[in-house]
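Trainee: would you be able to build a 3D model of this:
(chains A, B and C)
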Amino acid sequence: MSSLILYWFRRDLRLADNPALSFAAREGSVIPVFIDSPEDEAPWQPGAVTRWWQHYSLVSLAERLRNKGSSLVLRQGPALETLLQLAKETGAQKIVWNRCYEPALIQRDTLIKAALKQKGIEAESFCGDLLVEPWKLKNKQGDPYKVYTPFSNQVFQLTIEKPLSEPSKLTGPASWPKTKPIDSFKWLPSLSWDDGIRAFWKPGEKEAMKRLKQFSAEAVSAYDSERDRPDHQGTSCLSPYLHFGEISPRQIWHGLSSGAKTRPYLRQIVWREFAVHLLYHFPHTPLKNLRADFDKFPWKKDERELKAWQKGQTGYPIVDAGMRELWSTGWMHNRVRMVAASFLVKDLLIPWQDGARWFWDTLADADLANNTMGWQWVAGSGADAAPYFRIFNPVSQGERFDPDGQYVRKWVPEVAALPNKWIHQPWAAPQEELKRAGVVLGKTYPERIIDHEYARRRALESYAKIKK
DNA sequence: TGAAATGTTGGGGCG
DNA sequence: ACGCCCCAACATTTC
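Mentor: Got it, this is the predicted structure:
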């Protein structure tokens, strides 16, 4: 008689290159289960777009499992209780999963492992989300890396294993335990605000692989020169798929055509790896500065300005375009993320944590490790961060990376009729140009909420205060 | 994975 | 032909 194994899906919503699932499939009959337990992730429960994504991702995963003669069991409740309950119902003697690396989840999973063992249930976890485990990479002093370049040099020297193929067959149990209907989780919005999201994204493993193939065939070679252009389609848009584990970094590593110039893109995959490692070693960083000297920084809490930024009403077209793209699609081009984030932190002096929280709530690819590293990088408070005095000028960034104003025109139609010369700085346009374009500042489009020249000086002064 | 301020150079206009 | 000034273009330093 072969054994019965519970396979616990978490952030690994795929069948291919799934070490824990492959293990389970080899060892015996498999009951795949997903547990909705947002309270386990507090204070970082998934936002609305993330829940939307999760819904459709699980729908597609369940279908893939059905096609393999298996099924997906859905449950709700604290993970440990639910797993114990399932083990009791089914008689499963072993539970396996792929590891997550967020502090709250590590803590929970450690407890679960111990509790299961105590009950005589075997538990085993696998590495499915990373190229290399965080505890395996150390610098010459034996410390975790805090600088990206040596970290990435090290990663590029590793031999990354080939991805596993999906299990050829999944044997189910003699009788399946009960499952909850996915609609009962209420992950979809009650009002349909999701048109923009729907037009842009299709969750699921199949789609992830399709996008990887397409990116590999078309855009990856030009990535280095195209990735900074929000008006072009130069990036892979794989981030949400990576977050949910619909695709693994190993699949990307080996899935890019070997002839292509892939290094610049792979460097970004290694940045993701760096982010996960940093969060693992510095678990306090989602809320606190990594560099303690930033604890004294004189931030300014201003609800009105924060709102203006969130809604894309700052009066700086490139910032507003980005924030609106985020709101309608759950995604923002990375170059624009940097510009918008720099604007919040340096021009408005609003704490990076407020920006991080907004991104967390609105991004489809919201990922604690990447979000944390990104914001601390911009704020200057993180590992290998941008020096504080590196302050983006939203006008020159717009002119440099959206030279024809196409990106701005798409997302900020109020200023679309302005000529290129003024599209990134409507306040500087002569009256007659504004009139011709139908722009009335303060009416059809906001006056800029702050003068960047002034803001830049103020930011530098604020920084000088914590330096001494 | 900036940008402004400051410094240097070199060509051209001009007395 | 020469020195002087101006300033754009580029380089370096500073924040």
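Trainee: rest of the way, CA atoms for contacts and neighbours
Mentor: Fine.
Trainee: residues contacting the helix or strand of chain A at the bottom of the mean pLDDT ranking, please?
Mentor: Here the helix or strand of chain A ranked lowest by mean pLDDT, DSSP states H and E is helix A:195-200, holding a mean of 92. Helix A:195-200 is touched from outside by A:328, A:329, A:330, with contacts defined as C-alpha atoms under 8 Å, 6 or more residues apart in numbering.
Trainee: dump those into TSV; add neighbour count as well.
Mentor: Compiled in TSV, the contacts of helix A:195-200 are given as follows (neighbours: other C-alpha atoms under 10 Å):
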residue	neighbour count
A:328	20
A:329	20
A:330	26
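Trainee: tell me which of the residues you listed is nearest to residue A:451?
Mentor: residue A:328 (27.2 Å; C-alpha to C-alpha).
Trainee: so who does that closest one touch?
Mentor: Residue A:328 touches A:194, A:196, A:197, counting by C-alpha under 8 Å, 6+ apart.
Trainee: do you know how far it is from DNA strand C?
Mentor: Residue A:328 sits 35 Å away from DNA strand C, going by C-alpha to the nearest atom of the strand, to the nearest Å.
Trainee: distance of that residue from residue A:265?
Mentor: Noted for residue A:328: a distance of 26 Å to residue A:265, by C-alpha to C-alpha, to the nearest Å.
Trainee: redo the contacts of residue A:328 as JSON lines? Include distance to DNA strand C and neighbour count.
Mentor: Listed next are the contacts of residue A:328 as JSON lines, based on distance: C-alpha to the nearest atom of the strand, whole Å; neighbours: other C-alpha atoms under 10 Å:
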{"residue": "A:194", "distance to DNA strand C": "42", "neighbour count": "18"}
{"residue": "A:196", "distance to DNA strand C": "39", "neighbour count": "14"}
{"residue": "A:197", "distance to DNA strand C": "39", "neighbour count": "19"}
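Trainee: which one of the residues you listed is nearest residue A:440?
Mentor: residue A:196 (27.7 Å).
Trainee: how far away is the closest one from residue A:324?
Mentor: 11 Å.
Trainee: likewise for residue A:452?
Mentor: 21 Å.
Trainee: then residue A:204?
Mentor: 25 Å.
Trainee: so those two - more neighbours on which side?
Mentor: Taking neighbours as other C-alpha atoms under 10 Å, residue A:204 and residue A:324 compare with residue A:204 leading, 25 against 20.
Trainee: contacting residues for the more buried one?
Mentor: Contacts of residue A:204 (C-alpha under 8 Å, 6+ apart): A:13, A:14, A:56, A:57, A:58, A:60, A:61, A:241, A:246.
Trainee: where does the closest residue to DNA strand C within the stretch 301-450 of chain A fall, secondary structure wise?
Mentor: Of all residues in the stretch 301-450 of chain A, the one sitting closest to DNA strand C is residue A:389 (5.0 Å; C-alpha to the nearest atom of the strand). When elements are defined using DSSP states H and E, residue A:389 is found to belong to no helix and no strand.
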